[in-house]
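S.K.: No sequence on hand, only this structure:
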């Protein structure tokens, strides 16, 4: 019915996304003229070889990471909000990020504490992501196993929160006994970073991203009928158990892998689905899923561009930027709109 | 006998309803024999907490029966998969919907889900069904509004339209007039009656509107602690069965006025 209007919305967002992608690439601690950036992007050479390396091996992977992370977290947040019919749910309500943090904390702090079973000197680029993935996977398995023995979907929300607090508590204990340098390392990881991914790691992230996104297609219908509540959805022929499990697996897989590579990035997953609903004024998931993905990518590209602190040599932690700039924006939007939807 | 069997859309056989957990079983009602004829409007009456909602939820397979069988079109419910069942029974429940930005059209369109493809594409046939459902319930003018903007009476008709769009031969409604004033309650009953006569659907509702139930429905089911009667209102009145509904000395059913009076 309203398709033509939405086409305009999507066109606008896509243009904005492409624009921001270029802006993001052109910003950084090394100033590179725009024509050089453009010529590298279309496969040519720049006037300095070092610029080419910076653009191809650092800035482009980072911008793509921002897009994957932003859209992935936003879509997961949307799935969680719909599954729990709770506007305050986000991708991390299942305790996934705490699980990932626990994995990293055990690796960084625990290894020194328990006498170097894992030698921290032999860190490769992959060690942190693997530790984080294992931690996320642990919590994910625990949540899904318990989820299948409770009938009430809302209980899963509480169970996820409990697993999250449990993991956080263990992290606190570990931190209390750890050395200052290890603690600092852990703290830096928890600030989040989009710039740590090489092309190989990006490929891994990309594969998981595509698998998880494909998983949404079979549950697209049930997402819409879940808007009526579980009993109506059931009366429309939807298998609640099946849809619930698919949603949990998609979310855990995607947020787990994202947290593993880029640290726990706050706020985006919770807020972007609300931005999407406000911009598109619909709750139809055929519109909301792609809308959240695009807006999420845009938001994280903006946040990352701000984090660069253009014209300075410093880079701020992305996790702080998302909340500092994001939270007031969402509060302002909500005060204007006055109503919060699922 | 065979002829009569096929006229029934829903038949229960020694149905026990209630709740079971690992340790305890709570039986709400036992040995319910209910037959719903095609194209009839049946009202389920009973006092609060007697198990009307439990019965309706069990009949619509939202919850499992403790014992006994339910047959829809002579086929045991257990043999249906969830999608097949969704094309036989549609529901209007009392529970509140989560706050969302669904428009009235989209909400009614969700009734077509059992028939749509995996991306929920609406064919022209689907849209025709949706429009007919909205016309019958007189909500066409509300189509592009968000459902949270509607009054209770309008919203109830939207829910009925959604059930209607599901194109099932049986529609089950749990207290569709619970929060409505007399005018809108009457409107709902009229709409339901119209659906039965114009589309020959079978409608089963639970309600506390005894007077309207007697006036509009073809048959009435009375649910009491130990008994379950279903008959036309005339027969039930003739046999003084309405008095068994409320065991209270102050409430009395007047046969001539065909309604309850308070002494």
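M.R.: Alright, I've got the coordinates. Predicted model only: the values in this text are computed from it and were never measured.
S.K.: Chain B contacts on chain A?
M.R.: A:1, A:85, A:87, A:217-218, A:220-221, A:224-225, A:227-229, A:231-232, A:234-239, A:277, A:281-284, A:286, A:339-342 (Cβ under 8 Å from any Cβ of the partner chain). Glycine gets a C-beta too; all of them are placed from N, C-alpha and C.
S.K.: And those, which of them are buried?
M.R.: Buried members of the residues of chain A next to chain B, counted by 16 or more other Cβ atoms under 10 Å in any protein chain shown: A:85, A:87, A:221, A:224-225, A:227-228, A:231-232, A:234-238, A:277, A:281-284, A:286, A:341-342.
S.K.: Excluding chain neighbours, what is closest to the residue in the stretch 1-150 of chain A that chain B sits nearest to?
M.R.: For the stretch 1-150 of chain A and chain B, the shortest gap (Cβ to the nearest Cβ) falls at residue A:85, measuring 3.8 Å. Leaving out its chain neighbours, the residue that sits closest to residue A:85 by Cβ to Cβ, 6 or more residues apart in numbering or on different chains is residue B:98, at 3.8 Å.
S.K.: Doesn't the one you found lie inside a strand?
M.R.: No. Applying DSSP: H, G, I helix; E, B strand; the rest coil, one finds residue B:98 to be coil, outside a strand.
S.K.: Contact partners for it?
M.R.: Shown here is residue B:98, whose contacts under the criterion Cβ atoms under 8 Å, 6 or more residues apart in numbering or on different chains are A:85, A:227-229, A:342.
S.K.: any idea how far it is from residue A:64?
M.R.: For residue B:98, the distance to residue A:64 equals 35 Å [Cβ to Cβ, to the nearest Å].
S.K.: so which of the contacts of residue B:98 comes closest to residue B:18?
M.R.: Using Cβ to Cβ, residue A:229 comes nearest to residue B:18 of the contacts of residue B:98, at 22.3 Å.
S.K.: does the longest strand along chain B come close to chain A?
M.R.: In terms of residue count, the longest strand belonging to chain B (DSSP state E) is strand B:8-20. No. Using Cβ under 8 Å from any Cβ, we find that strand B:8-20 stays clear of chain A, coming within 11.2 Å at best.
S.K.: Quick check: the gap between residue B:90 and chain A.
M.R.: 7 Å (Cβ to the nearest Cβ, to the nearest Å).
S.K.: What's the separation between that residue and residue A:287?
M.R.: 26 Å.
S.K.: So for those two, which residue has more residues nearby?
M.R.: Of the pair residue B:90 and residue A:287, residue B:90 is the one with more neighbours under other Cβ atoms under 10 Å in any protein chain shown, namely 26 against 19.
S.K.: The residue nearest to residue B:228 when sequence neighbours are not counted pairs with what?
M.R.: Spatial nearest neighbour of residue B:228, chain neighbours left out: residue B:32 (5.2 Å); criterion: Cβ to Cβ, 6+ apart. Following DSSP bridges, residue B:32 is listed with bridge partners residue B:15.
S.K.: For residue A:191, give me the backbone phi and psi.
M.R.: Main-chain dihedrals, residue A:191, degrees, to the nearest 10: phi -70, psi -20.
S.K.: Share the number of residues neighbouring the residue nearest to it when sequence neighbours are not counted, please.
M.R.: Using Cβ to Cβ, 6+ apart and skipping residues adjacent in sequence, the residue nearest residue A:191 is residue A:317, 3.3 Å away. Around residue A:317 there are 16 other residues, counting by other Cβ under 10 Å.
S.K.: do the same with residue B:95
M.R.: By other Cβ under 10 Å, the residues close to residue B:95 number 12.
S.K.: is it true that it touches residue A:228?
M.R.: No. Under the criterion of Cβ atoms under 8 Å, residue B:95 is not in contact with residue A:228, lying 9.2 Å apart.
S.K.: Name the spans of chain A whose pLDDT lies under the cut-off.
M.R.: Residues of chain A meeting the criterion pLDDT under 70: A:1-4, A:112-125, A:338.
S.K.: What ranges does it have for its strands?
M.R.: Using DSSP E, strands in chain A do not occur.
S.K.: Can you tell me the centre-most residue of it?
M.R.: Closest to where the C-alpha atoms of chain A average out (Cα atoms, centre = their mean) is residue A:73, at 3.2 Å.
S.K.: Leaving out the residues flanking it, which one is nearest to that one?
M.R.: Nearest residue to residue A:73, sequence neighbours excluded (Cβ to Cβ, 6+ apart): residue A:269, at 3.9 Å.
S.K.: The one you found is in contact with residue A:74, isn't it?
M.R.: Yes. Using Cβ under 8 Å, residue A:269 makes contact with residue A:74 at a distance of 5.9 Å.
S.K.: Mind listing the shared neighbours of the two?
M.R.: Contacts common to residue A:269 and residue A:74, judged by Cβ under 8 Å, 6+ apart, are residue A:296.
S.K.: residue contacts, residue A:218?
M.R.: Counting by Cβ under 8 Å, 6+ apart, residue A:218 touches A:246, B:118.
S.K.: Could you do the one 3 residues further on as well?
M.R.: Under the criterion of Cβ under 8 Å, 6+ apart, the contact partners of residue A:221 comprise A:238, B:113, B:116, B:118-120.
S.K.: And for residue B:62?
M.R.: With Cβ under 8 Å, 6+ apart, residue B:62 has these contacts: A:231, A:234-235, B:91.
S.K.: Next: residue A:192.
M.R.: A:262-266, A:317-319.
S.K.: Okay, it and chain B: tell me how far apart.
M.R.: 31 Å.
S.K.: correct me, but residue A:20 touches residue A:301?
M.R.: Yes. Counting by Cβ under 8 Å, residue A:20 touches residue A:301, with 4.3 Å between them.
S.K.: between those two, who's got more neighbours?
M.R.: Each of residue A:20 and residue A:301 has its neighbours counted (other Cβ under 10 Å); residue A:301 has more, 25 against 21.
S.K.: pretty sure the more buried one is touching residue A:63, no?
M.R.: Yes. Between residue A:301 and residue A:63 a contact is recorded at 6.8 Å, counting by Cβ under 8 Å.
S.K.: so what's in contact with those two at the same time?
M.R.: Taking Cβ under 8 Å, 6+ apart as the contact rule, residue A:301 and residue A:63 both touch A:21, A:24.
S.K.: quick one: the helices in the stretch 101-250 of chain B?
M.R.: In the stretch 101-250 of chain B, the helices defined using DSSP state H, counting those that start in this stretch lie at B:104-109, B:124-136, B:152-165, B:182-199, B:210-216, B:233-238.
S.K.: and chain A, which of those helices is closest to it?
M.R.: helix B:104-109 (6.0 Å).
S.K.: outside of stretch A:147-161, which residues touch it?
M.R.: Looking at stretch A:147-161 with Cβ under 8 Å, 6+ apart, the contacting residues turn out to be A:83-84, A:86, A:89, A:93-95, A:143, A:146, A:230, A:240-241, A:244-245, A:248.
S.K.: Tell me which of the residues you listed fall in helices.
M.R.: Within the contacts of stretch A:147-161, residues falling in helices by DSSP state H are A:83-84, A:143, A:146, A:230, A:240-241, A:244-245, A:248.
S.K.: of the residues you listed, buried ones?
M.R.: A:83-84, A:143, A:230, A:240, A:244, A:248.
S.K.: Next one: residue B:76 from chain A, what distance?
M.R.: Here the criterion is Cβ to the nearest Cβ. By it, residue B:76 lies 18 Å from chain A.
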